[in-house]
Structure formats: structure tokens, C-alpha cells
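**Q** Coordinates for the following, if possible.
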Amino acid sequence: MEGATDVNESGSRSSKTFKPKKNIPEGSHQYELLKHAEATLGSGNLRMAVMLPEGEDLNEWVAVNTVDFFNQINMLYGTITDFCTEESCPVMSAGPKYEYHWADGTNIKKPIKCSAPKYIDYLMTWVQDQ
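**A** Down below sits the predicted model:
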């Protein structure tokens, strides 16, 4: 996935900046797979929606759906960025019993405690780099 990001004085990506969607060129084979996925998701039949279309490459099917999932998550997160700030969400957690610390195994080897927006920033950047 490609895209530019804004970098602030501390060298990290601005949490107010969204990563652009990776556009799949209209008319391409990947575009047709994405349209097939969208059509089957609307059918109400989940088994059919995730089933590999006949004659298609499994890796390409997974890749197209992964990119689409990333774009959907990115848009969803974009709707809450004004409400989940460094101040209002100082810890990435799942309720009072679970706290998430970030480590990517490369740049940050030892898990670090960070705010929810920073955690999501690290996560989305890591996924985009994959």
C-alpha cells in the first residue's frame, strides 16, 4: 500500500492525517474481484461472500480483500479521531482489564505503553508497510 503521510516535529505521523486508500484501477482484474466481493457481501449469504470465486487465485483474492478491509478500518477510525485524542484516550485498552502495548519486533522490540491514537497510528503504519 502506498501513500504520503504528514510528519510532525517529533518525526511521527500526525494522528489527524488519514492514510489514503490504495485505489485499485477500474477495469483491472483486482477491481473485478473487489466488485464480486461487494456484490456477494450484499447478498446476505456470508459463506458465498468469502468463498473463492471459481478459477481465481487464492492469494489474489486474499490480497484484494485485505486491502479493502484495511481501507474500511481506516475510514471507520477516521470517524472517531476527533473523539479519541491523546488526552481523552491516554491508553489503548479494551476495558479496565486489558491494556495494549505496542511492539513491532523491528523498530520497537520491547512493548511500550502509548495512547490509543498513537497505538492506532503505529498499527496502521505497520499494516500499510506490510
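**Q** what about the helix or strand Glu38 falls within, distance to the chain center?
**A** Counting by DSSP states H and E, the secondary-structure element that holds Glu38 is helix 29-41. Remark: helix 29-41 is offset 19 Å from the chain centroid, using CA atoms, centre = their mean, to the nearest Å.
**Q** So for that helix, what gets flagged as buried?
**A** 30, 33-34, 37, 40 (16 or more other CB atoms under 10 Å). All C-beta spots, glycine's among them, are computed from the backbone N, C-alpha and C.
**Q** what packs against that helix?
**A** Here helix 29-41 is seen to pack against helix 46-50, helix 58-78 when contacts are counted using 3 or more CB pairs under 8 Å, 6 or more residues apart in numbering; DSSP states H and E.
**Q** hmm, who's touching it?
**A** Contact with helix 29-41 is made by 24-25, 48-49, 51, 53, 56, 60-61, 63-65, 68, as judged by CB atoms under 8 Å, 6 or more residues apart in numbering.
**Q** switch the cut-off to 6 Å
**A** Residues external to helix 29-41 that are found in contact with it (CB atoms under 6 Å, 6 or more residues apart in numbering): 24, 48-49, 53, 64-65, 68.
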